[in-house]
Each structure stands twice: as structure tokens, then as C-alpha cells.
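Visitor: Attaching a predicted model along with its sequence, questions to come.
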There are 2 protein chains.
Amino acid sequence: MALKMRKNKSLQPPAPCLLAECMQVIAGAWAPNVIWCLRSGPRRFSELRADIPPVSAKVLSARLKELEERDVIVRHVRPTSPPSVEYELTEIGQELIPALEGIVRGGHKLKIRSGYYPSKAEADSNLAQALEPA
Amino acid sequence: MALKMRKNKSLQPPAPCLLAECMQVIAGAWAPNVIWCLRSGPRRFSELRADIPPVSAKVLSARLKELEERDVIVRHVRPTSPPSVEYELTEIGQELIPALEGIVRGGHKLKIRSGYYPSKAEADSNLAQALEPA
DNA sequence: CGGCATCCCAAGCGATACTG
DNA sequence: CAGTATCGCTTGGGATGCCG
């Protein structure tokens, strides 16, 4: 009857717990980008603003605060003449990088399959550039 | 050390392209769950509704439509007496599963590090249950 | 059963202006 | 430089009801 492999005992909500848990950290338009930008070392507020497209200061600080509360990043304040603040991934934050890499690779395959790159070489270089440390 | 590894040439927007690309597919509260639930075979509309927490019909159908447009899933209509519709992952959709697994593992480590499980055994079984096929 | 229509709310985000 | 405050828009989402 067509539904051969489906067990009729419902797939109990499979991973929604864990999936949702991590999705909340990852969610939003900017959080993943922040984590991604921090993966190769600490960055300052305005550096993040510049790196991440033009994210508004309000939203960026909101995300940073959230990520800090979740212990994904730490905030270092250096009391210099012009105030300087650095954000850095915690160990917990580092754990998320493989997940983001997975997403990047997934996005890459998506673009290859549907959108199409002009050439495979270009696709590969794009992926390599995306993944390379800095 | 603090800023040792930061190149002062700005980290050009590293992967936002690819990251954002895939994040848009993954984004929203339910899309990842849908893909996750479909990873072990086709499911029908109402099965998905039941499996995924209580997602409203409106939102579920909206997500399904989006995912179909992006060629992540396919819709099979079977013209039986009570109408029956099945959704299934396409090959493109399958490509996303590793990314989701990465997220699940990330969420798992997050819970271990911060929230804490009572015991490691329980943590492991939780992860295993989340990842097991069906 | 599957799914669209309507209403309505809350969160996310951007822009601008302002402070320490 | 590193934010906070305010405003207003746009989306995602829940609830309910109706239709094929």
C-alpha cells in the first residue's frame, strides 16, 4: 500500500528536542554569521558589524547579548581610551562550528544541484573560500 | 594573547553566501523538523502534523509549499476516497540531512556542557534516540 | 483528509538619534 | 567606539473556520 517503509507506530517526535535546542541558538538572520565570523578568533563589535553585511547595531548587540547569555561567546572589555570590546567563542560555541560547516556544505550542494554554478571549478573555489579559516 | 590570530585585513564576509543560502531553507521554527521527520521515508500531511509537536495546519502547509518550491521535497497526491498526500525528500533534500545531524550533535553538546544531563548514560541515549532512523 | 482564508499577535529587523 | 532608545515595518506563527 505504497507506504512500505513507514512504521505505523508514529515516528515519535524524533529529535525536535535537540534539533530545536540548537536551532534556537542558530536561529535568526545573524546569529550563525556571528559565530561563523568568530570561528577564526576574537573580533570587535565594529569589526563584526562591518564583516556581517550591514547589520544594524541594535540587532547585532541583541544577538551578541543572547549568545553571551547562552555561553556561546564571551565578552572581553578592554578599558582603553576609545572603548574596545572583543567577542570570542567559548568552548561551547566552538562545538557549533561543525554544525555550521554542515550547513555551508549543504548550501553548497543545493546551489550545485539547483541554482547551478557556471563551472565546477568555480563552485569548488567558492566552497573552499567559504570554509577556509581566514 | 587576545588578538593574536586576527588578521587585520577584515575577514571578508566568509560564508554568508552559502551559510545564508542554506539557512533560508533551514530557517523558521518548523522547516528543519519537517526535513528531519522525512529523513526516514515519506510521510503524510497529518502524520507530519502529529509528529512535529502541534504545528498549525496553516504553517505546516506554508513550509511544505516553500520546501517544495525549493525542490527539497516532493508532493505525491494519491486520489483515494479520502484524499491522501505524501511528502518525500528529494535528493537535494537528502543533502541537508548531514547538516541537520550536525545541528543535533551541536545541540547535544550544548546540553551536556551547560544544561547538564543527570547522567552521561542518559545523555547518550537521548542522542542515540534522536539520531536513530525510525 | 488536506489545505486555504481570515484575524491577530509577537518577534526580528532596520533606521535614526542619542549616550558614555 | 560600543552601545541603548524609539519607531515602525515585515514575517512567522497560532487559532478558527470553511471548502473540495
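Guide: That came through fine. Residues are numbered from 1 along each chain as shown, chains lettered A, B, ... in the order given.
Visitor: Could I get the pLDDT score of whatever residue of chain A ends up closest to DNA strand D?
Guide: Nearest to DNA strand D, among the residues of chain A, is A:S46, at 3.1 Å (CB to the nearest atom of the strand). The way it works is simple: take the backbone N, C-alpha and C, and place the C-beta from them, glycine included. Predicted confidence (pLDDT) for A:S46: 95.
Visitor: and what of A:A134?
Guide: Looking at A:A134, its pLDDT stands at 55.
Visitor: now swap in A:P16 and tell me
Guide: So A:P16 comes in at 55 (pLDDT).
Visitor: can you pull the contacts of the residue nearest in space to the middle of chain A?
Guide: Nearest to the geometric centre of chain A sits A:P32, at 2.4 Å (CA atoms, centre = their mean). Counting by CB atoms under 8 Å, 6 or more residues apart in numbering or on different chains, A:P32 makes contact with A:26, A:100, A:103, B:19, B:23.
Visitor: Next, the residue of chain A closest to DNA strand D: secondary structure please.
Guide: Three-state assignment for A:S46 (DSSP: H, G, I helix; E, B strand; the rest coil): helix.
Visitor: Next: A:V85.
Guide: strand.
Visitor: tell me, how many neighbours does it end up with?
Guide: Neighbour count of A:V85, defined by other CB atoms under 10 Å in any protein chain shown: 14.
Visitor: ok, back up a step: would TSV of the contacts of A:P32 with neighbour count and distance to B:V72 be doable?
Guide: Below are those laid out as TSV (neighbours: other CB atoms under 10 Å in any protein chain shown; distance: CB to CB, whole Å):
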residue	neighbour count	distance to B:V72
A:I26	22	18
A:L100	23	19
A:I103	28	14
B:L19	22	17
B:M23	23	13
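Visitor: Just the ones in helices from those residues, please.
Guide: A:26, A:100, A:103, B:19, B:23 (DSSP state H).
Visitor: circling back: any idea how far the residue of chain A closest to DNA strand D is from chain B?
Guide: Counting by CB to the nearest CB, to the nearest Å, the gap from A:S46 to chain B is 10 Å.
Visitor: neighbours around that residue, how many?
Guide: Residues lying near A:S46 (other CB under 10 Å) number 12.
Visitor: Within the helices and strands, which one has A:P32?
Guide: helix A:31-38 (DSSP states H and E).
Visitor: Next, work out how far apart the residue of chain A closest to DNA strand D and A:V34 are.
Guide: Distance of A:S46 to A:V34, given as CB to CB, to the nearest Å: 13 Å.
Visitor: Likewise for A:T80?
Guide: Taken as CB to CB, the span from A:T80 to A:V34 is 23 Å.
Visitor: so does the helix or strand bottoming out on mean pLDDT in chain A get close to DNA strand D?
Guide: Each helix and strand of chain A was given a mean pLDDT (mean pLDDT, DSSP states H and E); the minimum falls on helix A:16-26 at a mean of 83. No - counting by CB under 7 Å from any atom of the strand, DNA strand D has no neighbours in helix A:16-26; the shortest distance is 9.6 Å.
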